[in-house]
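Novice: Need a 3D model of the following:
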Amino acid sequence: MSYKFTKWLILIVPTLVVGVWEVVRHQFLMPYVSMELGNVLTPILLFAVSITLLYRWFAYLERMQEELQRERALKVRLEQREQLARELHDGIAQSLFLLSVKVDRAERRQPASNGAYDWNELRKTIHEVNRYVREAISDLRIPSNVKEGETDETSMSSLVRRIAAEQQLTLRLDWHLEETHWLPKAKMELLSCVREAVVNAAKHARVQDIEITSLGDQHNFVMKIIDHGCGFTPEDAQNGRYGLRIMRERANEMGWELLVDSRPGRTTIEIRGGDGCDEGPGTGR
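Specialist: Okay, here's the model as predicted:
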């Protein structure tokens, strides 16, 4: 039913019904329906006809209002992500590229008599960081034609799958995290912690698969990233190796708790948010 058709129905039908009712009442029903009763029945009849027509119209307006609110919320998230992606590209990524160019220039100008410096290691580190930043930019960019509820490609669970696929790891995912109503910053920080843990597992733990579990919502959640690799020592954890310092900073900024348990054959990184922070440490499932 089109907008114009519904509009004319609402304007014309109640008027016609009341007019027909009055004619019928005065011509045929006067012996049976008194004037007082007729005056009471007229507004009742008008209300019944109006509510019949307006019910679907009001439902349509409410649905349009909900869609408009979702579109506004999605637009805000898209603008925030696009702004952050632009800042990363214009700031960190460009700086890393310039640093790489300077390293190449310094290597060419280095006198042969001074000996060979391990430029390859430095260049490799720069390229890895540059790749990490550009992957983050790619994850933050969402096509403008993607609407909330129409696709699952930008959900947190599918982004976690993408992170594991980028590192060529087999992922065992047990996902029970309610993803609605998360703030964009909280999503980004949580996914950044997951990415750091997955990249470290692939790079340092020498594993082919990884296990990720999650439970709760944005107010109270627990997420675990588990690998069965070589592990690391408590000294490494205290010294902030393998990106643990960055993960702790992200978690502390969001008011979350980061718990690490590592031994040969099993490493568990657990992130707790909300009331889950008070439940004590956990070391796995």
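Novice: Can you show me the strands along this structure?
Specialist: Chain-ordered strands for the chain, with DSSP state E as the definition, fall at 170-177, 209-216, 220-227, 257-263, 266-274.
Novice: Please render these as a markdown table that adds mean pLDDT, mean neighbour count and distance to residue 185 to the earlier fields.
Specialist: To be clear about C-beta, it is placed using only N, CA and C from the backbone, and glycine gets the same treatment. As requested, the strands of the chain are exported to a markdown table (pLDDT from 0 to 100; neighbours: other Cβ atoms under 10 Å; distance: least, Cβ to Cβ, whole Å):
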| stretch | mean pLDDT | mean neighbour count | distance to residue 185 |
| --- | --- | --- | --- |
| strand 170-177 | 94 | 14 | 16 |
| strand 209-216 | 94 | 19 | 18 |
| strand 220-227 | 94 | 22 | 15 |
| strand 257-263 | 90 | 18 | 17 |
| strand 266-274 | 91 | 22 | 13 |
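Novice: Serialize these to a markdown table and add fields for distance to residue 10.
Specialist: As requested, those are arranged in a markdown table below (distance: least, Cβ to Cβ, whole Å):
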| stretch | distance to residue 10 |
| --- | --- |
| strand 170-177 | 45 |
| strand 209-216 | 47 |
| strand 220-227 | 47 |
| strand 257-263 | 57 |
| strand 266-274 | 48 |
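Novice: Go through these and name the closest to residue 162.
Specialist: Put simply, out of the strands of the chain the one that sits nearest residue 162 is strand 170-177, at 9.8 Å, with distance taken as Cβ to Cβ.
Novice: my guess is residue 160 contacts residue 212, does it?
Specialist: Yes - using Cβ atoms under 8 Å as the test, residue 160 is close enough to residue 212 to be in contact (6.0 Å).
Novice: which residues are in contact with both of the two?
Specialist: Overlap between the contact sets of residue 160 and residue 212, as judged by Cβ atoms under 8 Å, 6 or more residues apart in numbering, is given by 171, 173, 175, 194.
Novice: Now tabulate those residues in JSON lines and tack on distance to residue 267.
Specialist: Formatted as JSON lines, these follow (distance: Cβ to Cβ, whole Å):
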{"residue": "171", "distance to residue 267": "16"}
{"residue": "173", "distance to residue 267": "17"}
{"residue": "175", "distance to residue 267": "20"}
{"residue": "194", "distance to residue 267": "14"}
